[in-house]
Every structure is written in C-alpha cells, then in structure tokens.
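# let's see this in three dimensions:
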Amino acid sequence: MQPDQIIALRRRFHAHAEPGFLEYRTASVILAELAERGVRATTGADAIDVGRIALPPTQAEKDEWGRRAVEAGAAPDDVAYFQEHGTAVIAELDGNRDGPTWGLRVDIDALPVDEETDAGHAPVAGGFRSTTPFMHACGHDGHAAIGLALADRLRDRDFPGRVRIMFQPAEEGVRGAQPMIDAGVTRGVDRMLAVHLGGDLPTGTVVGGVTDAMATTKWTARFEGEAAHAAAAPEKGRHALAAAAQATLAILGLTRFAAADTRVNVGTFHADGSANIIPALATITYETRSTSNEVLEDLNRRAEAAVQGAAQMYGVTAATKVYGRAAVSQPDEALLTDVARAADGVPAISTFTPKGASGGGSDDAHLLIRDVQEAGGLGTYIFVGAANPAPHHHRRFDIDEDALVIAVDLLERLFRG
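Numbering: from 1, shown residues only. Coordinates of the predicted model:
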C-alpha cells in the first residue's frame with residue numbers, strides 16, 4: 001500500500017468517527033478492505049466476548065449509530081452483525097517460514113469531542129472533518145489505517161512466523177481489551193505490540209517502549225435510598241444524593257502514596273427527584289490511576305471503603321461496578337533491541353529512543369501486553385511522533401500524516417525480521 005492510499009484510509013476513518021463498541025462503519029470498512037486483499041479476518045466470538053463488556057451500549061445507542069453507519073455507506077447486514085457480535089476484527093497472516101507469532105493492537109474508536117471548525121484545521125481544509133458528534137482526537141483513525149496498510153504489505157507472506165493484527169474497539173474508557181482477551185485473542189502470541197501516534201513528539205521520533213503508563217480502574221457507584229417529602233417527612237427519607245456527594249469528596253480526598261504516583265477523579269454525578277423530594281437514587285462514575293499495579297489495588301480498596309462508608313452514614317445502600325481497566329506493563333529488552341534494529345532501516349526515523357515517557361496516560365493495550373508477558377512472551381508499547389498541533393483529546397488534535405508511513409515502514413521491517 002502506497003503512502004497516498006494509507007493517508008486516504010486514515011481520512012475515511014476520520015470523517016466518520018464512532019464511539020466505543022459502536023464502530024459499525026469503521027469495522028465494516030476494515031472487513032471490506034481485508035476481504036479485498038484476501039486477508040483472513042476473524043470477527044464475533046473469536047475476536048471479542050461481548051458478554052464480558054461491563055458497560056455495553058444501550059439499544060437506543062445501537063440504533064442511532066447503526067443508522068449513521070448505514071447512511072455513511074456501511075452495508076445494513078454488516079451493521080446488524082456488528083450490533084449483535086461486537087466490532088472487534090482480527091486480521092491474521094501466515095509467513096512462508098517458521099518464526100514467532102506477533103500480535104499488534106490497533107484501536108479504532110473516537111472521543112465525544114466536537115471537532116474544530118476553523119479553516120486552518122487540516123481536516124477542515126482537506127474536507128475530512130468528522131461528520132459525527134465524535135472526533136478522532138487521539139489518532140485511532142491513523143492506527144486503523146496502519147493496521148490495514150500492514151495487512152496489505154504482508155500479503156506476499158515473505159516473513160517468518162505469523163502476524164495477528166487486532167483492531168480493538170473501545171480503548172477510550174479502557175473497555176475493549178479485556179473482553180478481547182477473554183475471547184482468546186492473545187493465545188499463542190509470542191511478541192505483543194501496541195503502536196500509538198502523537199505523544200507531542202516531532203515527526204521522525206520513535207520511542208521503542210513506553211515506561212510511564214498508568215494502571216487505571218473505571219468505576220460506577222449506585223446509591224439507593226428512600227424517597228420522602230423533604231418538608232413533611234424528611235426523617236423518613238434516605239438521602240442517596242447526600243451519600244453520593246459525601247463519597248465524591250471522600251474519593252477526591254484519598255491519601256496519596258509515597259511508593260508511586262496516583263490519580264483519582266469523579267467524573268459524573270446524577271440523581272433523580274426534585275427540590276422537595278429526598279432523592280432515592282444517585283450514581284457517580286470515578287476513576288483511580290497509579291504507576292504501580294499493586295498501589296492501584298490498594299487505592300481501589302480505599303475508594304470502595306469511601307463509597308460504603310458514605311452509604312452507611314446516610315442509611316443507603318451502594319453497589320460498585322468496574323466498567324474499564326488498564327494495567328502497567330514494561331517493555332522487554334530483547335524486543336527493544338529488535339525494534340531498534342528495525343528503526344535503523346527506516347530513513348525517515350531521525351531519532352530513536354529505546355525507552356521513554358508518553359505523558360502518563362492509560363491504555364488497555366497494556367493488558368494485552370501483560371497477558372502475553374505472563375505467558376512467557378515479550379511485549380512493548382511503541383510511540384511514533386506525529387507533530388500533533390494540539391494535545392490528545394483536544395478539538396484541534398491532528399497528526400502529521402507522514403507519521404503513518406513511518407509507523408508502517410517500522411512495523412513491516414520488524415515483522416520481516
């Protein structure tokens with residue numbers, strides 16, 4: 001696949017950004033492109049266990065994004081399939097000689113960001129600004145294009161072993177990797193990679209292994225009390241909103257740790273009722289993060305205690321549920337040596353750093369990497385600089401499209417050995 005074709009694919013994805021688990025048009029394009037090239041694709045239960053999705057889309061969301069996908073050109077039968085069986089797609093190619101099985105995670109979902117409308121924003125000037133309320137403000141459109149370009153280039157089978165490209169839904173909110181692991185996508189993988197564009201790095205810069213990612217857990221907490229008239233019988237009520245508010249303050253005030261960096265946040269707060277009713281129901285969503293998997297477990301226990309303590313204070317019940325998670329992984333030295341060797345053969349790479357920081361974000365690709373490492377394999381998370389003019393998740397985020405070709409060239413050389 002030539003550079004202009006890779007760029008065109010990226011723009012197709014960018015113009016029709018879709019949320020996690022609702023990437024119906026995106027998955028349809030991926031499947032069609034793989035079929036056109038004769039690349040074996042796996043979908044459905046062998047790609048993702050939809051029963052393990054902790055916070056699945058509502059039927060109304062499925063209907064809305066299904067309609068949008070069909071209007072954008074997706075086949076209705078494809079959309080109906082993805083609505084039922086999930087949007088994960090696995091492309092697998094066998095080489096012509098013995099070698100390791102490589103896994104590569106490329107994510108495909110977008111963010112609820114209203115994209116910039118100014119004519120100076122490249123997607124506006126180029127006519128591929130997102131036509132949906134979502135935006136590819138983290139480079140996942142580029143990642144999907146990279147995955148397809150690699151599948152195209154490796155069709156000649158002139159490489160050792162096997163390459164398994166995992167097109168993952170719902171990285172935002174770190175929700176998509178675990179149900180794919182539950183479906184067995186890492187089984188038999190010897191070397192697991194993830195690739196990410198951007199990172200506020202200049203084009204031509206590559207970090208072979210990110211070392212500062214944060215483990216995270218995303219939670220919902222539902223408080224259930226008893227409604228009552230706020231003036232006539234306040235003592236008969238059990239104030240769910242007050243309990244949720246107390247839990248919010250307690251979570252935000254959790255003790256930090258000396259052994260690792262930690263973060264906490266309460267992101268949403270919803271309650272029912274009106275001014276003259278003691279509210280019976282309230283829900284918050286919150287997250288915990290740490291640079292240590294072990295510290296994160298302790299932080300989660302403390303957050304749970306804060307939720308349950310607040311519930312007890314106000315005589316309500318509280319139920320918590322995990323809907324997303326990511327771990328910390330560290331790159332393997334042997335694999336970094338291979339990545340460095342591949343980078344030496346790509347003239348457009350001006351700066352290669354074996355290990356480096358990415359800004360401390362979280363990504364559930366580290367779950368895939370850790371799963372392979374714990375089974376005795378190797379893994380690393382690669383960052384490819386793309387001169388992004390605005391930070392990740394910003395409405396003006398964009399990438400230097402030359403970085404797409406750099407990433408494809410690097411990974412192709414790595415897989416060919």
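# any idea where the helices of the protein begin and end?
3-15, 24-36, 59-71, 76-85, 122-125, 140-153, 177-182, 240-252, 293-313, 333-344, 365-374, 402-416 (DSSP state H).
# got a markdown table for those, with mean neighbour count too?
To be clear about C-beta, it is placed using only N, CA and C from the backbone, and glycine gets the same treatment. A markdown table is the format used below for these (neighbours: other CB atoms under 10 Å):
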| stretch | mean neighbour count |
| --- | --- |
| helix 3-15 | 19 |
| helix 24-36 | 22 |
| helix 59-71 | 16 |
| helix 76-85 | 16 |
| helix 122-125 | 16 |
| helix 140-153 | 27 |
| helix 177-182 | 24 |
| helix 240-252 | 21 |
| helix 293-313 | 18 |
| helix 333-344 | 16 |
| helix 365-374 | 24 |
| helix 402-416 | 22 |
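# format the ones you listed as CSV; extra columns: distance to G204 and mean pLDDT.
Below are the helices of the chain laid out as CSV (distance: least, CB to CB, whole Å; pLDDT from 0 to 100):
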stretch, distance to G204, mean pLDDT
helix 3-15, 15, 98
helix 24-36, 27, 98
helix 59-71, 36, 98
helix 76-85, 37, 98
helix 122-125, 18, 98
helix 140-153, 16, 98
helix 177-182, 29, 98
helix 240-252, 41, 98
helix 293-313, 33, 97
helix 333-344, 11, 98
helix 365-374, 23, 98
helix 402-416, 7, 98
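# would you tell me which of those gets closest to A387?
The closest of the helices of the chain to A387 is helix 402-416. By CB to CB, the value is 7.3 Å.
# and that closest one with helix 333-344, angle?
Calculated by axes from the mean of the first three to the mean of the last three CA atoms, to 10 degrees, helix 402-416 forms an angle of 120 degrees with helix 333-344.
# just give me the neighbour total for V185.
Number of residues near V185 (other CB atoms under 10 Å) recorded here: 25.
# now for it: which residues touch it?
Taking CB atoms under 8 Å, 6 or more residues apart in numbering, we find V185 in contact with A47, I48, A88, I90, G103, R164, M166, L368.
# what about 10 Å?
Shown in contact with V185 (CB atoms under 10 Å, 6 or more residues apart in numbering): 42, 46-49, 88, 90, 103, 105, 164, 166, 168, 177, 179, 368, 371.
# ok, now which ones touch the residue most central in space within the chain?
By CA atoms, centre = their mean, the chain has its centre lying nearest to E171, at 1.3 Å. Listed by CB under 10 Å, 6+ apart, the contact set of E171 reads 20, 105-109, 138, 140, 143, 177, 194, 196, 324, 326, 362-365.
# ok, it to F128 distance?
21 Å (CB to CB, to the nearest Å).
# show the pLDDT at V384.
V384 carries a pLDDT score of 98 in this model.
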